[in-house]
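**Student:** Build me a model:
(2 chains)
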2 protein chains.
Amino acid sequence: MYIILVYDFGERRVGKILKLCRQYLNRVQNSVFEGEITPSKLLELTTRAEKFMDEEADSIIIFKSSHVKWLDKTVIGKQVNDLNTII
Amino acid sequence: MYIILVYDFGERRVGKILKLCRQYLNRVQNSVFEGEITPSKLLELTTRAEKFMDEEADSIIIFKSSHVKWLDKTVIGKQVNDLNTII
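**Tutor:** Here you go, the predicted structure:
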């Protein structure tokens, strides 16, 4: 399936979530990722995130679509080219 | 149509884009909005944003879906309850 993942994390944990998301998805904006992912890999990602996130302060939203063709993306302004998945 | 709008704006302009987006969409995370919008209203929103955004530094990404039912949303952690559309 295709997902869009957006996060809002406290300063102390933001580097950790960024590093984690990069292992599974493509970064399209500062705290926005997208890509094809299997349900099991997505569960792995969220389970790993839940280990360090502060559920009172941090947030992850995942929008799932069964196919990317149902979504059309428009970018205005600066483009993020973050192809480095190994950090 | 249903859209997800995410922005990443410089500190000086972030209040302005927040205020603008609130007039058209529902806030679901710090810089993430979603909702039903007509193509003409979306054009109005982006035209207004382009007037003050710095295209070298700021970014808006719009994901469009022809129908909300194609998207499934999961929230982990803190929920944003931002029902105040007048600021």
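
**Student:** And for the helix or strand of chain A with the lowest mean pLDDT, what's in contact with it?
**Tutor:** Lowest by mean pLDDT, DSSP states H and E among the helices and strands of chain A is strand A:71-77, with a mean of 86. Here strand A:71-77 makes contact (CB atoms under 8 Å, 6 or more residues apart in numbering or on different chains) with A:2, A:4, A:28, A:34, A:65, B:46, B:49-50, B:53-65, B:70-71. (C-beta placed from N, C-alpha, C; glycine too.)

**Student:** Just the buried ones from the residues you listed?
**Tutor:** Among the contacts of strand A:71-77, the ones that count as buried by 16 or more other CB atoms under 10 Å in any protein chain shown are A:2, A:4, A:28, A:34, A:65, B:46, B:49, B:53, B:58-65, B:70-71.

**Student:** which helix of chain A spans the most residues?
**Tutor:** Ranked by number of residues, the top helix in chain A under DSSP state H is helix A:39-52.

**Student:** Only C-alpha atoms, please: export the next helix or strand after it in PDB.
**Tutor:** Next helix or strand after helix A:39-52 toward the C-terminus (DSSP states H and E): strand A:59-65. Extracted C-alpha coordinates of strand A:59-65, given in PDB (Å, rounded to 0.1, in the frame of the first residue of the first chain):
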ATOM      1  CA  SER A  59       2.200  12.800  17.000                       C
ATOM      2  CA  ILE A  60       2.400  10.600  13.900                       C
ATOM      3  CA  ILE A  61      -0.400  10.600  11.300                       C
ATOM      4  CA  ILE A  62      -0.500   8.000   8.600                       C
ATOM      5  CA  PHE A  63      -2.800   8.400   5.600                       C
ATOM      6  CA  LYS A  64      -3.200   5.100   3.700                       C
ATOM      7  CA  SER A  65      -4.300   4.600   0.200                       C
END
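
**Student:** That concludes my questions; thank you for your assistance.
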